[in-house]
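*Asks:* Okay, sequence plus prediction incoming.
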Amino acid sequence: MKILVLTPYAYPEKVASSHLGQNRNQAFKENGFEMVVYTPTPCRGISEEERKKYKRKEWRNEIRLDGSMSIHRFSLFKEGNKPFLRALRYIICCIKHFDRAVFSRDARNCDVMFIASTPPIQGAMAALVKKIRKIPFVYNLQDIFPDSLIGAGITQKGSLLWKIGRMIESFTYRNADKIIVISEDFKKNIMAKGVPEEKIEVIYNWIDENTVIPIARENNPLYEELGLSRDKFNVVYAGNLGNAQNIDVIIDSAKELVENKNIEFIIFGSGGLKEQFVKKVKDYGIDNVKFFPLQPMERVSYVYGLGNICIVSCKPGLGGSAMPSKTMSILSAGRAILASFDEGELTSILEQNDCGVCAKAGDVKGFVEKLKMLAANREKCDIMGKNGRKLILQKFTREVGTQKYVDVIKNII
């Protein structure tokens with residue numbers, strides 16, 4: 001049984017949820033599946049020297065997972081920060097994926113396609129491949145388009161871009177044989193758009209509970225490496241620094257709390273707006289926000305272990321089309337969550353299981369009030385962190401999540 005994977009990002013690229021793909025691929029291998037992957041030359045989260053290595057001919061084709069995965073790379077210019085160039089890169093990537101999926105011998109020997117929702121046109125491309133080759137495809141919906149564009153302020157409902165996005169979305173959903181969504185909110189969203197319930201499978205993004213573990217503060221070397229204090233109340237954010245994540249709420253809250261020398265904000269991340277946020281901190285003239293590069297997956301326990309609390313945030317209006325995978329990482333690391341998020345499934349999970357507190361998305365005043373309350377009660381933060389770890393072990397382990405993916409593929413075949 002062979003799975004055709006068409007993806008814009010693959011090993012060794014570092015993205016916020018790369019562990020999901022690695023765990024899933026390992027589970028596919030253990031269940032006897034073979035994977036044929038087509039992807040561009042890597043660029044995200046790697047050095048220029050490493051990128052040059054993968055541009056050489058001998059690295060165009062690579063065998064991984066003891067022969068269960070073959071990766072075929074094609075040339076494509078480096079991903080940049082400008083939206084137009086990024087969109088152009090996605091379009092060219094989809095064209096090349098279509099070409100490989102239809103004409104490549106390895107691709108034509110595959111039994112099913114596995115397609116992720118980034119970029120948004122990827123699903124429509126897979127639908128066209130299906131019509132030509134009559135091969136089924138599973139659509140892994142991690143981000144709902146064009147809803148996410150509205151929440152990020154890129155467009156508005158009824159605009160030309162929104163109408164085109166809805167056409168692409170509808171075409172993808174109609175042709176997908178199975179749609180995997182990451183929350184019940186996602187399921188409700190696409191069912192309201194006409195997708196039949198039997199086509200949808202809810203699989204929450206998991207975390208490897210044996211890899212991301214609670215780290216005692218006294219055993220965390222990052223304090224010394226980064227020059228941070230164990231005595232301060234540390235507020236940690238780690239992930240993409242873009243528009244949808246609403247980093248402004250964090251920085252504006254830091255400005256409001258600058259006189260409280262006991263609270264420090266620690267931001268790990270990369271993204272198109274990082275320099276903008278760094279400049280904003282400098283313009284505010286505040287010294288309670290520190291920026292660091294995004295750390296590799298093997299250090300996630302230490303990153304979140306720095307925090308008395310850790311942040312999950314989004315722009316207002318994105319809560320129904322976003323379920324950040326960092327949520328599970330934070331909970332698995334045994335840390336409490338402070339969410340600046342739309343009311344919905346994520347906020348319900350945190351409140352019902354007493355593993356975090358929530359402020360309305362975009363509400364700086366409410367966010368600051370919640371933060372002050374937590375900073376005054378560190379013991380409460382520790383209790384919520386323990387509750388979060390318990391929740392992960394009960395419902396969101398790697399074994400549970402990956403087995404559901406395996407079952408979906410088996411049922412489609």
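*Replies:* Structure received.
*Asks:* burial count for residue 49?
*Replies:* Neighbours of residue 49 under the rule other C-beta atoms under 10 Å: 7. Every C-beta, even on glycine, is put in place using the N, C-alpha and C of the backbone.
*Asks:* Secondary structure element for it, which one?
*Replies:* If you go by DSSP states H and E, residue 49 is part of helix 48-55.
*Asks:* In that helix, which residues are buried?
*Replies:* Residues of helix 48-55 classed as buried by neighbour count (16 or more other C-beta atoms under 10 Å): 51, 54.
*Asks:* now it, how far from the centre of its chain.
*Replies:* 24 Å (C-alpha atoms, centre = their mean, to the nearest Å).
*Asks:* swap in stretch 290-305?
*Replies:* That offset, for stretch 290-305, works out to 15 Å (C-alpha atoms, centre = their mean).
*Asks:* distance between the ends of it?
*Replies:* End-to-end distance of stretch 290-305: 16 Å, with C-alpha to C-alpha, to the nearest Å as the criterion.
*Asks:* May I ask you to name the longest helix in this structure?
*Replies:* helix 83-103 (DSSP state H).
*Asks:* Please save the CA atoms from that one in PDB.
*Replies:* Only the C-alpha atoms of helix 83-103 are listed here, as PDB (Å, rounded to 0.1, in the frame of the first residue of the first chain):
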ATOM      1  CA  PRO A  83       2.900  37.900   0.500                       C
ATOM      2  CA  PHE A  84       3.000  38.100  -3.400                       C
ATOM      3  CA  LEU A  85       6.200  36.100  -3.600                       C
ATOM      4  CA  ARG A  86       4.900  33.600  -1.100                       C
ATOM      5  CA  ALA A  87       1.700  33.200  -3.100                       C
ATOM      6  CA  LEU A  88       3.600  32.800  -6.300                       C
ATOM      7  CA  ARG A  89       5.800  30.100  -4.700                       C
ATOM      8  CA  TYR A  90       2.700  28.200  -3.600                       C
ATOM      9  CA  ILE A  91       1.200  28.400  -7.100                       C
ATOM     10  CA  ILE A  92       4.400  27.100  -8.800                       C
ATOM     11  CA  CYS A  93       4.700  24.400  -6.100                       C
ATOM     12  CA  CYS A  94       1.200  23.200  -6.900                       C
ATOM     13  CA  ILE A  95       1.900  23.200 -10.600                       C
ATOM     14  CA  LYS A  96       4.900  21.000 -10.000                       C
ATOM     15  CA  HIS A  97       3.000  18.800  -7.600                       C
ATOM     16  CA  PHE A  98       0.300  18.300 -10.300                       C
ATOM     17  CA  ASP A  99       2.900  17.400 -12.900                       C
ATOM     18  CA  ARG A 100       4.600  14.800 -10.600                       C
ATOM     19  CA  ALA A 101       1.300  13.300  -9.400                       C
ATOM     20  CA  VAL A 102       0.000  12.800 -13.000                       C
ATOM     21  CA  PHE A 103       3.200  11.800 -14.900                       C
END
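*Asks:* what's that helix packed up against?
*Replies:* With contacts taken as 3 or more C-beta pairs under 8 Å, 6 or more residues apart in numbering; DSSP states H and E, helix 83-103 sits against strand 2-6, strand 34-40, strand 69-74, helix 105-108, helix 122-133.
*Asks:* Buried residues of whatever helix or strand comes next after the first one, list them for me.
*Replies:* Later in the chain than strand 2-6, the nearest helix or strand by DSSP H and E is helix 18-30. Within helix 18-30, the residues scored as buried using 16+ other C-beta under 10 Å are 18-21, 23-29.
*Asks:* Nearest to residue 42 among these?
*Replies:* Using C-beta to C-beta, residue 18 is the member of these that lies nearest residue 42, at 11.4 Å.
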